[in-house]
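> Curious how this folds, go ahead:
(2 chains)
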Protein chains: 2
Amino acid sequence: MAKIAVLGYGTVGSGVVEILDANAESISKKAGQPIEVKSVLDLRDFPGDPIQEKIVHDIDLVINDDEIDVVVEVMGGVEPAFTFVKRALEAGKSVCTSNKALVAAHGAELLAMAKERSLNFMFEASVGGGIPIIRPLNQALTADEITKITGIMNGTTNYILTKMSNDGSSYEEVLKEAQALGYAERNPEADVEGYDACRKIAILTSLADGRTVNFEEITTEGITKISNEDFAYARKLNSVIKLLATSYRKDGKVYAITAPFLIDTTHPLYNVNGVLNGIYVNGNMVGDVMFFGAGAGKLPTASAVVGDIIDCVKHKGTNVCVIWDDEKLELAPTRDEVRSFFVRVKGNASDTAMVKEQFGDVEIITVDGLDNEFGFITDRMTEEAFDKAASNVDMISRIRIDDTKLQ
Amino acid sequence: MAKIAVLGYGTVGSGVVEILDANAESISKKAGQPIEVKSVLDLRDFPGDPIQEKIVHDIDLVINDDEIDVVVEVMGGVEPAFTFVKRALEAGKSVCTSNKALVAAHGAELLAMAKERSLNFMFEASVGGGIPIIRPLNQALTADEITKITGIMNGTTNYILTKMSNDGSSYEEVLKEAQALGYAERNPEADVEGYDACRKIAILTSLADGRTVNFEEITTEGITKISNEDFAYARKLNSVIKLLATSYRKDGKVYAITAPFLIDTTHPLYNVNGVLNGIYVNGNMVGDVMFFGAGAGKLPTASAVVGDIIDCVKHKGTNVCVIWDDEKLELAPTRDEVRSFFVRVKGNASDTAMVKEQFGDVEIITVDGLDNEFGFITDRMTEEAFDKAASNVDMISRIRIDDTKLQ
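Next up is the predicted model:
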């Protein structure tokens, strides 16, 4: 019998308890022994819930309980999660977490602490919810040097963008609807400003490279400025707008960005709609590999956490080595990145001369009903050159274009 | 320095050697030490190839070499691979293989041998080429009870069916072209008759269930009878024809089949074209998860093998437990499976009465240019009921319909 503690009885925490109960038999077989939730740390009480008798309000009751082998941190946020996780590792307990903020901020340090003590620190659920992506990167695609990762890693924004694309509703309308359905939080900033996706690409890039990407250095733009007008152009271009979190290696440099991108029907993530997540990985040997599934939600996320719990129980006393050092990976500047841009400018046909002077002989795109503006797609150019040229035209908005193709 | 031997210097074997050389630095970091190919067993010599000095023709030189920790079996076929792998395990060496025939026939036995000896027997490359699917099933999706696996697991047949669908070429024409391009073997039977895909779904189903599926008991139909006329109807139905290998659990019974299926645009595998493979997995907690990538080819397959080699080196002395017992999983009979069928029958509009008598008020489908026949889609019914009803109409062909949807 392996005993565990769950820190936080929210959505994911209650899902973990539910799965350990519902699939107890098969989980026991795979872990080699039954797994029992001994205590659940939460500020609240849950009278009437069978979990109530296991609720503790004091982290010391978990840390000092020698029967507890694995601590499951599903509280979210950096503190007090970070302190609790460090104390658990110091007390000889392996830790599983779904907390991308914690992993992005302190992943390397916590992995090193676990390794020193022949424990494990696992975080499959921190990226892609229930989609196996951390293990494939750490343990399966190890023969490869990872050259590119591009993903739709935030279900909330993907739901909003999909709805806007399909229904023509405004960002504000769809956000309200998503909040009502529980797909978006009341304070949606972490999702809609791209912060959540940014942390996830920071984690994946660190794992792919082996050094630490500082997530704060990743250029990050959210979706709050994406409008129905943008989607009208996108439709005309047989394209959709997706919030991509992406990093790639080129000439020994690593670039990373989280931002809305225009992608067309040939893009491997074109069909990833609603709350689905999709992650594209290119390795220098395996070529293209893709992973799709529910990127969030109670049971999918808890499924990934419980998979980690099982792995921790199976590997008691042995560290499953993950290469992610504290050494900093210096990202190359976004201004040097080369791509095309979709641009909307104010004016009419007679104003195209200025555009062509700056951007060359681009094709002018117009949309019925949008009268005092037009759009165009630039040639491939650096972000720096784009910004310079764009400063000379009356720009309404610009959306980057990602042209990843299956090879 | 970990030393390995490669059995078979064919496509995959030479790919393994190439990757270990090309990515030596990153592989050494991930494995914790450099990995060196000490010997390569092959019947042939390779004069002029740097590998020549490592070529051995006698398996005893591998088995009796105490320096060799890991044996990589990439010869294919059950014998002599099975004998060599057993001898390697008996001699205290872990084994990695890409050989689906070997794994489907003897997986449970070889896993047990490895476990007894604290060794490892790994076979990520045996299904889905470079796509991580064995590890996700074994190590990531362990919280779940797997309820369904449906995949396009054979690149050769998917290339042929995609070409037939897009170009309107005949099966024979496309097969010849695929052979010329190296996508199909001179004797294509294992691919086009579905035997290869059948072994792969047998492996995945065994891993998902924990008991052994006898691949010979899986209903298996190939693609050799699929015609341009079938594709003409498929186009009319906004559908494509794919060779699916699928298994699912229902009411405690497990069903499995490998056969061509008609799938429409809403099917999660609709866009898996050419030599790509795609595997859909449904777990009772995680919901839908999908994996896509190159299902075959020298470097993608070798990438999966090298990933296994690295894992074996990392886990020297420790068995990475995989639940797959010798106990037989009795499959439920295909005749009890319930689905819809697409049917073509001889005759014209006046012959539809007989069809409706047998199959109810089905909608009649006609295709321009196909004059003395028509098609229809049945309601959902058991295979047994279908066969009985079909025996009373003048049937040209029937293709099963798979209606898997993302949930």
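> What are the boundaries of the helices in chain A?
Listed in chain order, the helices of chain A (DSSP state H) span A:11-22, A:24-31, A:59-63, A:81-90, A:100-116, A:134-135, A:155-167, A:171-180, A:189-192, A:195-209, A:228-236, A:298-314, A:352-359, A:383-390.
> Run through who's touching the third one.
If I follow you right, that is helix A:59-63. A:5, A:7, A:39, A:41, A:56, A:68, A:71, A:80, A:84, A:87-88, A:91, A:93 (Cβ atoms under 8 Å, 6 or more residues apart in numbering or on different chains). (C-beta placed from N, C-alpha, C; glycine too.)
> count of neighbours near the spatially closest residue to residue A:72 that is not a sequence neighbour?
With Cβ to Cβ, 6 or more residues apart in numbering or on different chains as the criterion, residue A:72 has its nearest non-adjacent residue at 4.6 Å, and that residue is residue A:6. Neighbour count for residue A:6, taken as other Cβ atoms under 10 Å in any protein chain shown: 29.
> what number of residues lie near the residue of the stretch 251-400 of chain A found nearest chain B?
Of all residues in the stretch 251-400 of chain A, residue A:306 sits closest to chain B, at 3.4 Å by Cβ to the nearest Cβ. Neighbour count for residue A:306, taken as other Cβ under 10 Å: 32.
> one step back: make JSON lines out of the helices of chain A and add mean pLDDT.
JSON lines is the format used below for the helices of chain A (pLDDT from 0 to 100):
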{"stretch": "helix A:11-22", "mean pLDDT": "97"}
{"stretch": "helix A:24-31", "mean pLDDT": "96"}
{"stretch": "helix A:59-63", "mean pLDDT": "98"}
{"stretch": "helix A:81-90", "mean pLDDT": "98"}
{"stretch": "helix A:100-116", "mean pLDDT": "97"}
{"stretch": "helix A:134-135", "mean pLDDT": "94"}
{"stretch": "helix A:155-167", "mean pLDDT": "95"}
{"stretch": "helix A:171-180", "mean pLDDT": "94"}
{"stretch": "helix A:189-192", "mean pLDDT": "96"}
{"stretch": "helix A:195-209", "mean pLDDT": "97"}
{"stretch": "helix A:228-236", "mean pLDDT": "96"}
{"stretch": "helix A:298-314", "mean pLDDT": "96"}
{"stretch": "helix A:352-359", "mean pLDDT": "94"}
{"stretch": "helix A:383-390", "mean pLDDT": "98"}
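> rewinding a little: tell me the contacts of the residue nearest to residue A:72?
By Cβ under 8 Å, 6+ apart, the residues touching residue A:6 are A:13, A:16-17, A:37, A:39-41, A:72, A:74.
> at 7 Å instead, please
A:13, A:16-17, A:37, A:40, A:72, A:74 (Cβ atoms under 7 Å, 6 or more residues apart in numbering or on different chains).
> For it, name its beta-bridge partners.
Beta-bridge pairing for residue A:6 (DSSP bridges): residue A:40, residue A:72.
> Look up how far residue A:75 lies from it.
According to Cβ to Cβ, to the nearest Å, residue A:6 stands 10 Å off from residue A:75.
> do the same with residue A:367
Where residue A:75 is concerned, residue A:367 sits at a distance of 46 Å (Cβ to Cβ).
> So for those two, which residue has more residues nearby?
residue A:75 (24 against 18).
> List the contacts of the nearest residue to that one once chain neighbours are set aside.
By the measure of Cβ to Cβ, 6+ apart, the closest residue to residue A:75 outside its immediate chain neighbours is residue A:8, 3.6 Å from it. Residue A:8 makes contacts with A:41-42, A:74-75, as judged by Cβ under 7 Å, 6+ apart.
> any idea which of those is the one closest to chain B?
residue A:74 (13.7 Å).
> Could you double-check that residue A:7 lies in contact with residue A:75?
Yes. The pair formed by residue A:7 and residue A:75 meets the contact definition of Cβ atoms under 7 Å, at 5.4 Å.
> residues near residue A:386, how many?
Neighbours of residue A:386 using other Cβ under 10 Å come to 24.
> Not counting its neighbours along the chain, what's nearest it?
That would be residue A:341: by Cβ to Cβ, 6+ apart, it lies 5.5 Å from residue A:386.
> just residue A:184 next, same as before
Nearest to residue A:184 is residue A:178, by Cβ to Cβ, 6+ apart, at 3.8 Å.
> hang on, the one you found packs against residue A:155?
No. Between residue A:178 and residue A:155 there is no contact under Cβ under 7 Å: 9.7 Å.
> and the two most separated of the contacts of residue A:6?
Spanning the widest gap among these are A:37 and A:74, at 12.0 Å by Cβ to Cβ.
> of the two, who's got more company?
Higher neighbour count among residue A:37 and residue A:74: residue A:74, with 24 against 19, using other Cβ under 10 Å.
> what's near enough to touch the more buried one?
A:6-8, A:10, A:12-13, A:16, A:97-98, A:305.
> go on, residue A:230?
Per Cβ under 7 Å, 6+ apart, neighbours of residue A:230: A:241, A:397, A:399.
> That one and residue A:165, how far apart?
In terms of Cβ to Cβ, residue A:230 sits 10 Å off from residue A:165.
> overlap in contacts of those two?
With Cβ under 7 Å, 6+ apart as the test, residue A:230 and residue A:165 both reach residue A:241.
> For residue A:217, grab the count of nearby residues.
Neighbours around residue A:217, by other Cβ under 10 Å: 16.
> Also residue A:387?
Neighbours of residue A:387 (other Cβ under 10 Å): 13.
> Setting aside sequence neighbours, what's the nearest residue to it?
residue A:335 (7.5 Å).
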